[in-house]
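> let's see this in three dimensions:
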Amino acid sequence: MAAPWTAQRRPQVPTSPPQPKTTISMEDWEAKSPLGELELRSVSSLKPICEDRRLPLKVRILYGRTLTAPSSPSRPSTPSGRPELGSSLHPHHHLHPKHPIQTPEQFHDWFALVERSVAHSQEAHFRSHLEDVSEYRMMCEKLLETIDDVESEVDGMLYEWMRVEEGGSSLKDACERLLEERDSLIETTEAIALRLEYFQELEHATRMLNHPGESLVLQTDFLLMVERVDVCLEFLEAHRDFREVEIYLLRFQQCLTRAMTLIKMFFVGSLKALTADIQRRISDKEISETAQLHLLYSKFSSASFQVAPLLAELERRAKVHPDELASLLAECHAAYLGARKSLLIGRLMEDIKGLDPAHSELVELTRTGCTYLRQLCMDEFDLYRRFFNTGEDRLYRYLESLCDYLFDDLRPRILHEPRLTILCEVCTVLQAVMVLDIQPSNLPSSNAVYDDEDGTETTSDAADPTRKGLGHLHIKPILQMVLQDAQTRLLFKAQALMESEIRSYKPKQDDLAYPDKLVDNGLTDRSGLELIEKEDKIIRQLFPLPSLQKQATWYPTLRKTLWILSQLHEFINSAVFSDVSQEAIVFCRQSLKLASEELFAKNLPNSYLDGQLFLIRHLLILKDMTANLEFNERGSRGRGVAGYLDAFGSVIRGTSALLNSTGLFDFGDANSQGEMDARIGIDQDLKTSCESMISRCADAATESVRKFLERGIAFKSLNDADTSSAPLALAETEFANATTVIEVDTTFRATCEKEVSMWLTQSQLYLEDQKAVLIMVVPLQAKIVEIYSAFRDLVGVEYPPEIMQALLSPTDFRTFLHKICLTPP
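Down below sits the predicted model:
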């Protein structure tokens, strides 16, 4: 076959040049891999053996002879003949190719294998290797000739291979397209299979629910099935465009409802069995209190370990599907609360009966009963949280129904309680219980869980401690109704007291014994007061008045007003308290005015002055009280503890002039529509009393001067009006001669000193503050100075200068007044 290919050679196909191989010299090899002593001995032992080299077996067979290496290295003889290419080599030699050589690459691979074999055998001495190469030189030349022949054949094979390659490229492209289509179909199939899994889950869920048993809900696969149904529902809800999705949604929803119904039926059945067992055991009269607590709470706590996870699943899904599952959850709540109520009713009624609600003290009954109910509610709340994490409204209604058994006896007692102090104490107890909100705890101390077999106490929680929802118990909504009843009764009783003992109060003879009460104040103790030490402390916190130490000198209605407001302040709403306080202050002010009028009616020499000072004294105290109350119109607390001096000074500073045509103090017009503000009413009454008292004292002190002025001014008016006769001078008249003027002036000085001194003494006795009295002296002095100045002006016009010199000059008159009033000039 070689001859035709030799005669007609195909053009060689250019091939890429072989990549140069990385070589390493012997010196580098020895430097990088130094040999040890053992290795050197091994090399020395192998060296003589390697020097005796033989030709490869394939070569010897190829040339039809066997070459035997001489005892010394020598060049082997050249083979005389050349075997045919088709001759077979030794089939078991490792250099023999497994398949016939057909391509240059195969030949190069085979030749590389031969080279590696030769290179491996050249690890003998280098000089010996050179001699061997010389022997093989002629043989290699013949091999090259053979290689040229083989190369010619390979070139022909390569040409044919290229033709096949060109024809197979189109096949390759077609195969690649088919592979891409196959991959697309596989992806589509997988996507369809993935979506079909959601639809196929219906069969599994239906099959499980069609074979229910009593313990189906306790199986692990049950909750897994329910979880998968949830996932399928979510998927179908998100892909409403799928075919027949509405039908599958309905069927999956039915499966979920059936599963939740099984949970409800299992829970209700277990609850009924547990309730019946506990009722049977409690009916034994010899059972102890500890055993009852164990049955009522520990047994239920133990049962929660099994059903709490199921109920949690029902609660979670009821939030997502309220229309279908909320009724099932409500039935579970109702069944649980009904079972608990049936178990607790008997014990609860016995405990309430032991409190003797009909005969025990109201405050003690409230304290003991509310403490008992708080503990009961705490126990029930903690036990409920072991089963459920929702239904707070139903739980609080259930707790309120338990509390109603005590409230049915407590509320009538509160509504018929006549004593205001007892009602205040009841409100205090209820508010104290409401303030103490119960913090959540893993287990109430009085209801520890006991193991059913050995009775040992455990504190593990059946429910997941990380669950959120119910939070902790708030006792305020439960007690709010009773507190409102107590506050309502307290308000009605306070209003009744305000009506009977303030507004309609009939003063006794001792109540109006003024100023004797003030004179005897040092001998008066507090034994007759209605305020005990505890109440006095509360009053001082609300009304920090300096005059509290002298309450014995107060009018009874003022003391009663102070006491009622101090009792109401902490127990009723601020807006209601504002209205009540204004009403009480109005009633008190009216009673003070009536008492002042009764003092006027005594017709004693100083009755009018005593009445006015009595009213001013108590109005100042009442004004100080109002400064510490909060009114809705103001929105904030008053000016604080002002005392007599600050309260009285506020009235003085409210004037625009010491004396004007509208009165001594100009406060403006009050609002006549609706109820008058309490503070404005006090200020107006205080203004009127101060104006009246100062005017009365000034009139009494200047009586002689005023009468002279009136007659003189009247005479001049008549004299000026009479034009028929010659005008007559005032000094020429008998009633206004010079001697009369001197007598009027002398009388005025004596009367002024007497009246002002008496006025100051009484004012100091009532107001008990020298500075407050001095504040009132200022407008009084101004009034007197004004009248005396008018008298001097008339004398200066109508009388000779020597008469004018006999009168006091303005400076001397002011010094005279300051001396009387004991004030600095």
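
> residue 744 contacts residue 702, correct?
No - using C-beta atoms under 8 Å, residue 744 makes no contact with residue 702, being 10.5 Å away. The way it works is simple: take the backbone N, C-alpha and C, and place the C-beta from them, glycine included.

> those two: which has the busier surroundings?
With neighbours defined as other C-beta atoms under 10 Å, residue 744 and residue 702 compare such that residue 702 has more, 24 against 19.

> for the spatially closest residue to that one that is not a sequence neighbour, give me its contacts.
Among residues not flanking residue 702 along the chain, residue 787 sits closest, at 4.5 Å (C-beta to C-beta, 6 or more residues apart in numbering). With contact taken as C-beta atoms under 8 Å, 6 or more residues apart in numbering, residue 787 is in contact with 698, 702, 705, 706, 709.

> can you do 7 Å?
For residue 787, the contact set (C-beta atoms under 7 Å, 6 or more residues apart in numbering) comprises 698, 702, 705, 706.

> export the residues you listed to JSON lines and tack on distance to residue 758 and pLDDT?
Formatted as JSON lines, these follow (distance: C-beta to C-beta, whole Å; pLDDT from 0 to 100):
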{"residue": "698", "distance to residue 758": "13", "pLDDT": "85"}
{"residue": "702", "distance to residue 758": "15", "pLDDT": "84"}
{"residue": "705", "distance to residue 758": "18", "pLDDT": "84"}
{"residue": "706", "distance to residue 758": "18", "pLDDT": "85"}
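
> turn these into CSV, columns for distance to residue 173 and secondary structure.
What follows is the contacts of residue 787, written out as CSV (distance: C-beta to C-beta, whole Å; DSSP: H, G, I helix; E, B strand; the rest coil):
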residue, distance to residue 173, secondary structure
698, 130, helix
702, 136, coil
705, 139, helix
706, 137, helix
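
> and those residues, which two are furthest apart?
Largest separation among these by C-beta to C-beta: 698 and 705, giving 10.6 Å.

> contacts for stretch 500-516, please.
555-557, 560-561, 584, 587-588, 590-591, 595, 598-599, 610, 614, 765-766.

> ok, now with 6 Å
Stretch 500-516 is contacted from outside by 556-557, 560-561, 587-588, 591, 595, 598-599, 610, 614, 765, using C-beta atoms under 6 Å, 6 or more residues apart in numbering.

> which one of the residues you listed is nearest residue 799?
When the contacts of stretch 500-516 are compared for distance to residue 799 (C-beta to C-beta), residue 610 comes out closest, at 40.2 Å.

> would you mind giving the secondary structure of that closest one?
For residue 610, the secondary-structure state derived from DSSP: H, G, I helix; E, B strand; the rest coil is helix.

> show me what contacts it?
Per C-beta under 6 Å, 6+ apart, neighbours of residue 610: 514, 599.

> can you put the contacts of residue 787 in CSV and add distance to residue 605?
Formatted as CSV, the contacts of residue 787 follow (distance: C-beta to C-beta, whole Å):
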residue, distance to residue 605
698, 18
702, 19
705, 22
706, 20
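
> and the host helix or strand of residue 777, which residues are buried?
According to DSSP states H and E, residue 777 maps onto helix 770-798. When burial is assessed from 16 or more other C-beta atoms under 10 Å, helix 770-798 yields the following buried residues: 772-777, 779-785, 787-788, 791-792, 794-795, 798.

> which stretches of the stretch 201-350 of the chain form helices?
220-238, 245-282, 289-293, 299-320, 322-354 (DSSP state H, counting those that start in this stretch).

> the stretch 401-550 of the chain now?
Under DSSP H, counting those that start in this stretch, the stretch 401-550 of the chain gives helices at 420-435, 476-498, 516-519, 533-542.

> what is the rounded mean pLDDT of the shortest one?
Same thing as helix 516-519. Averaging pLDDT along helix 516-519 gives 78.

> the longest one too?
With pLDDT averaged residue by residue, helix 476-498 scores 86.

> show me what it is packed up against.
helix 392-415, helix 420-435, helix 556-568 (3 or more C-beta pairs under 6 Å, 6 or more residues apart in numbering; DSSP states H and E).

> just name the most buried of the ones you listed.
helix 556-568 (a mean of 22; mean count of other C-beta atoms under 10 Å).

> still on that earlier bit, per-residue confidence for the residue nearest to residue 702?
Note for residue 787: predicted pLDDT of 87.

> residue 258 now?
Value for residue 258, per-residue pLDDT: 85.

> mind listing what it touches?
By C-beta under 6 Å, 6+ apart, residue 258 lies in contact with residue 209.

> can I have stretch 335-353 written out in PDB, keeping just the CAs?
Only the C-alpha atoms of stretch 335-353 are listed here, as PDB (Å, rounded to 0.1, in the frame of the first residue of the first chain):
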ATOM      1  CA  ALA A 335     -65.300  26.100  75.800                       C
ATOM      2  CA  TYR A 336     -62.200  26.900  77.900                       C
ATOM      3  CA  LEU A 337     -63.700  29.800  79.700                       C
ATOM      4  CA  GLY A 338     -67.000  27.900  80.300                       C
ATOM      5  CA  ALA A 339     -65.100  25.000  81.700                       C
ATOM      6  CA  ARG A 340     -63.000  27.200  84.000                       C
ATOM      7  CA  LYS A 341     -66.000  29.100  85.300                       C
ATOM      8  CA  SER A 342     -67.900  25.800  86.000                       C
ATOM      9  CA  LEU A 343     -64.900  24.700  88.100                       C
ATOM     10  CA  LEU A 344     -64.400  27.900  90.000                       C
ATOM     11  CA  ILE A 345     -68.000  29.000  90.800                       C
ATOM     12  CA  GLY A 346     -68.400  26.800  93.800                       C
ATOM     13  CA  ARG A 347     -65.000  27.600  95.400                       C
ATOM     14  CA  LEU A 348     -65.400  31.400  94.600                       C
ATOM     15  CA  MET A 349     -68.800  31.600  96.200                       C
ATOM     16  CA  GLU A 350     -67.600  29.900  99.300                       C
ATOM     17  CA  ASP A 351     -64.600  32.300  99.600                       C
ATOM     18  CA  ILE A 352     -66.800  35.300  99.100                       C
ATOM     19  CA  LYS A 353     -69.200  34.000 101.700                       C
END
